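# Return atomic coordinates for the entry below.
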Amino acid sequence: MGDDQEITHAIGITGATGALGGLVASRLAQLGVAQRLIVRDLNRAPELPGASAAMAAYENQHEFERAVKGTGTLFLVSATEAADRLRQHTSAVDAAVAAGVDRIVYLSFLAAAPDATFTFARTHFHTEEHIRSTGVAYTFLRPSLYLDLMPYWAESSGVVRGPAGNGRVAWVAREDVADVATAVLTGGATHDGRTYDVTGPQALTLGETVDRLSALTGKAMRYLPETWEEALESRRSSGAPEWAIEGWASSYAAIATGELDVVAPTVPDLTGHPAQTIEGHLRRRPTALAHVTG
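The predicted structure is shown next:
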């Protein structure tokens, strides 16, 4: 491993030190696919067979261009939520195009649109548009809200609160998203120009979601609806900046509007296995709700 730029025709993988990118990198390694891991810290890059690593930040265009040089396909995992997230994305895209990357697979979000209720989905839309404008081949993956993070929507008291109303969401497991990404990255031009919604097998209200958590844990849990203003106020004690607070609250609000009420067949169609259910996912992770069950 090292800052090795000699591998050509490898797949460039961003986010390999994170949850989703790490899963994809591991799957590609198991398949024997050559890949270059583009990371912010070389010391944290996973040691994987067939993988080299290069250090670059999205916002450093010269550095990123050098890091992806020699790769044909780039898996671009969206940057950590930040006020300048779109600038980071466009910088990385421009650097990749300048380096000769001819295909970008971008991890976007369900219902990405310029007027999306979920504020972070707007950034994803504008990133998609920028990628389209470059002329390179592209595939957009639009996962729903992560099943892996859903348990942490619950407070230690067992209450899930937010302005989600009676809207529905088909929670999706990161593992399923990683399987879809792996299939797309290794599937060649078949997926060029495609946008895939990636969801779980069933859309549920937060009330129904909490009922299932209660049945799994044996602990009484409940959903407490909030107004938009109540949602903002209840999260301001975190000390997070207002853009972040609005982002968190708007994920619930997007459920309420019906924008996330989507069940897509992408996981079984592209991976050959069914998407994980809440029960199946959490039975394999008995500690996921430890903060609630004690």
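
# okay, CA-based contacts and neighbour counts for the rest of this
OK.

# buried stuff in stretch 231-240?
Neighbour counts over stretch 231-240 (16 or more other Cα atoms under 10 Å) mark 231-232, 235 as buried.

# cool, stretch 199-207 as well?
Within stretch 199-207, the residues scored as buried using 16+ other Cα under 10 Å are 199-207.

# Next, the distance between the ends of it.
19 Å (Cα to Cα, to the nearest Å).

# quick one, what contacts the residue nearest to the spatial centre of the chain?
Residue closest to the mean C-alpha point of the chain, counted by Cα atoms, centre = their mean, is residue 107 at 5.9 Å. The neighbours of residue 107, taking Cα atoms under 8 Å, 6 or more residues apart in numbering as the test, are 75-78, 140-143.

# how about a cut-off of 10 Å?
20-21, 75-79, 124, 128, 139-143, 177, 181 (Cα atoms under 10 Å, 6 or more residues apart in numbering).

# can you check residue 81 too?
Counting by Cα under 10 Å, 6+ apart, residue 81 makes contact with 120, 123, 243-244, 247.

# cool, residue 180 as well?
24, 141, 143, 174, 196, 198, 266-272.

# Would you report which members of these are assigned to helices?
Counted as lying in helices by DSSP state H, out of the contacts of residue 180, are 24, 174, 266-271.

# For residue 219, state which of those residues is nearest.
For those, the residue nearest residue 219 by Cα to Cα is residue 174; the value is 25.4 Å.

# Return the per-residue confidence for that closest one.
In this model, residue 174 is scored at 98, pLDDT.

# got it, and residue 71?
Listed pLDDT for residue 71 reads 96.

# My read is that it contacts residue 64, right?
No. Using Cα atoms under 10 Å, residue 71 is not in contact with residue 64; the gap is 11.9 Å.

# before we move on, the earlier item: pLDDT and distance to residue 16 for the buried residues of stretch 231-240 - can I get that in JSON lines?
As requested, these are exported to JSON lines (pLDDT from 0 to 100; distance: Cα to Cα, whole Å):
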{"residue": "231", "pLDDT": "95", "distance to residue 16": "33"}
{"residue": "232", "pLDDT": "96", "distance to residue 16": "32"}
{"residue": "235", "pLDDT": "91", "distance to residue 16": "30"}
